[in-house]
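Colleague: Build me a model from this:
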Amino acid sequence: MLNNLKPKTQNSKQKKAIIIGAGIAGLASAIRLAVMGFEVVVFEKNSYPGGKLSNFEKDGYHFDAGPSLFTQPENIEELFALAKEPIEDFFSYQPQPIACKYFYEDGTVINAYTNTDAFAKELEQKLGEDGTKLKAYLLQAAKTYNDIGSIFLNYSLHKFSTLLKAPIGKAVRAVKAAFLFKTLDQVNEAAFTKPQTVQLFNRYATYNGSNPYKAPGMLSLIPHLDHNIGTFYPKGGMISITNALHKLAVKKGVQFHFNTPVESITNDDSMVKGVVVNGAQHNADLVVSNMDVYFTFKHLLKDDKKATQLLKQERSSSAFIFYWGVNTTFPQLELHNIFFATDYKAEFEALFTTKTLHEDPTVYINITSKCEPGLQAPSGKENWFVMVNAPANIGQDWSAYQQSYRKAIINKLNRLLKTDIESLIEVEETLSPIDIETKTASYMGSLYGTSSNGKMAAFFRHPNFSNQIKGLYFVGGSVHPGGGIPLCLQSAKIMSEIVSELF
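Modeller: Modelled structure (predicted):
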């Protein structure tokens, strides 16, 4: 609630920061700026923090509503270390031995172990894939991530002063032509001999809502996160990340105002002035928008020209999600599961070219009750987060698509799990691209802002600061370095380091 919020007189002894949106990047930004000594106020249009990283409960089933994969816990640990607070008082997690379990239409089932030797042995036994090829691929992924990827994730690509701190020379020497001039699919075709392995590693393009048949080979560094660093389960589900960061921010003195949308961002002679909330001006030394950058320009800055320019970049894919309470358990399933489409290329053609439903979509199922049975779902039952990739919203008939997706999903699961899944569903909720746009202000329901379907896509993402308005900054999945929890957290870090040079 607004809690009778009134505009405050600016305290000359303490700089003030206003953050628009309490998504994961907004929370991380609030913590970082509070630690830097700012008075921090967060305005959030929803009644809860977290943005996409939220949850709900129905009839004893607990569902994480959005992101379901947790990697790079060091990003969370860094925030607690920065705040000088013991993370164990707020948050805990455990490593997972299997990053994901993959099901193919021909009956092949692959356990993608986080242990490289075990994963290599699995590919050899199940597919006849040479295990040394996997080890070489993951070794290259680690090198690419450390030599090149770290620059994209840790530095602004749009400020010369920050790039001067980056190991550019090392990155240039590490760049391979294939990373720039070949697609991810082409890189994977050259790395492996079996089509199932290629499809498995093509899937990593979806980690930022892109098309592996168009996205650059540089994305081959993404598997490093799952298989060299590992995947983890946060105790209490993904919502525990939101809860931990919100509590940490409050402890550091951050003021949150929920159910409080910002109406506009104001500036005076190209210097940010603050924001307007409920018709009242609230001044600040800097403003950070965690809102989709398109909506920030369109609605908060009333800059239609800039908003239109942003639309020149292709939006990422979206998702259609079914939340199912399942009245039994499936021992053959893991925390993360993928049921692949037979024609993967046709699926991405539908997503990005025709922007239509693909009749045989790839199905992802996340089941947190695997890690906390009896807590995330009633005893002897499971909470299924069932997601298919969907095109960004351009006005499709999502009610009709919902029925088609549901039918396609159930048919695929019945075939591959040899069951009658529909008879086991006792709780059901859905989330469409329209819902995603409405609830999280993600334009067109795109999960990751813009896609990476181009050689220079990483450089075209909007910077973490405004070139036109001094003191205005941007964080979250629609700006540099990209979408997903790790990158959103990195956007807050990049923003705070730019701010530290000026304040």
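Colleague: now the helices: where do they sit in the stretch 251-400 of the chain?
Modeller: Counting by DSSP state H, counting those that start in this stretch, residue ranges of the helices within the stretch 251-400 of the chain are 293-295, 304-310, 344-349, 398-417.
Colleague: now residue 471, nearest residue through space, not along the chain?
Modeller: residue 272 (3.6 Å; C-beta to C-beta, 6 or more residues apart in numbering). To be clear about C-beta, it is placed using only N, CA and C from the backbone, and glycine gets the same treatment.
Colleague: Surely that neighbour touches residue 469?
Modeller: Yes - Residue 272 lies in contact with residue 469 (C-beta atoms under 8 Å); the separation is 5.3 Å.
Colleague: re earlier: of the helices of the stretch 251-400 of the chain, which is nearest residue 386?
Modeller: Smallest distance to residue 386 across the helices of the stretch 251-400 of the chain (C-beta to C-beta): 6.2 Å, for helix 398-417.
Colleague: ok, residues contacting the closest one?
Modeller: The contact list for helix 398-417, computed with C-beta atoms under 8 Å, 6 or more residues apart in numbering, reads 103, 105, 107, 320, 322, 330, 332, 339, 357, 359-361, 363, 386, 388, 390, 419-422, 430, 432-434.
Colleague: In ChimeraX, how would I select just the buried ones from those?
Modeller: Buried residues within the contacts of helix 398-417, by 16 or more other C-beta atoms under 10 Å, are selected in ChimeraX with:
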select :103,320,322,330,339,357,360,361,363,386,388,390,421,432,433,434
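Colleague: about what we covered before: between residue 272 and residue 469, what contacts are shared?
Modeller: Shared contacts of residue 272 and residue 469, counting by C-beta under 8 Å, 6+ apart, come down to residue 265.
Colleague: CA atoms of stretch 228-238 as PDB?
Modeller: What follows is stretch 228-238 as a C-alpha-only set of coordinates in PDB (Å, rounded to 0.1, in the frame of the first residue of the first chain):
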ATOM      1  CA  ASN A 228      30.700 -26.600 -15.200                       C
ATOM      2  CA  ILE A 229      29.300 -24.500 -12.400                       C
ATOM      3  CA  GLY A 230      26.200 -26.500 -11.700                       C
ATOM      4  CA  THR A 231      22.400 -26.100 -11.200                       C
ATOM      5  CA  PHE A 232      20.900 -25.600  -7.700                       C
ATOM      6  CA  TYR A 233      17.700 -25.700  -5.900                       C
ATOM      7  CA  PRO A 234      16.800 -22.900  -3.500                       C
ATOM      8  CA  LYS A 235      15.100 -24.200  -0.400                       C
ATOM      9  CA  GLY A 236      11.500 -23.100  -0.400                       C
ATOM     10  CA  GLY A 237      11.500 -22.800  -4.200                       C
ATOM     11  CA  MET A 238      12.500 -19.900  -6.500                       C
END
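Colleague: Show me what counts as buried in that stretch.
Modeller: Quick answer for stretch 228-238 (16+ other C-beta under 10 Å): 229-234, 236-238.
Colleague: nearest to residue 217, of the residues you listed?
Modeller: Nearest member of the buried residues of stretch 228-238 to residue 217, counting by C-beta to C-beta, is residue 229, at 20.4 Å.
Colleague: Report the separation between that closest one and residue 144.
Modeller: 14 Å (C-beta to C-beta, to the nearest Å).
Colleague: dump the residue contacts of the residue nearest to residue 471.
Modeller: Residue 272 touches 265-266, 284-287, 466, 469-472, counting by C-beta under 8 Å, 6+ apart.
Colleague: now the residues you listed as a markdown table including distance to residue 117, pLDDT and neighbour count?
Modeller: As requested, the contacts of residue 272 are exported to a markdown table (distance: C-beta to C-beta, whole Å; pLDDT from 0 to 100; neighbours: other C-beta atoms under 10 Å):
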| residue | distance to residue 117 | pLDDT | neighbour count |
| --- | --- | --- | --- |
| 265 | 52 | 98 | 26 |
| 266 | 58 | 98 | 18 |
| 284 | 53 | 98 | 24 |
| 285 | 53 | 98 | 20 |
| 286 | 49 | 98 | 22 |
| 287 | 50 | 98 | 28 |
| 466 | 48 | 96 | 22 |
| 469 | 53 | 97 | 20 |
| 470 | 53 | 97 | 14 |
| 471 | 51 | 98 | 21 |
| 472 | 49 | 98 | 21 |
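Colleague: Where strands are concerned, which of those count?
Modeller: Residues of the contacts of residue 272 located in strands (DSSP state E): 265-266, 286-287, 472.
Colleague: Which strand residues bridge the residue nearest to residue 471?
Modeller: residue 267 (DSSP bridges).
Colleague: Equivalent analysis for residue 479, please.
Modeller: residue 462.
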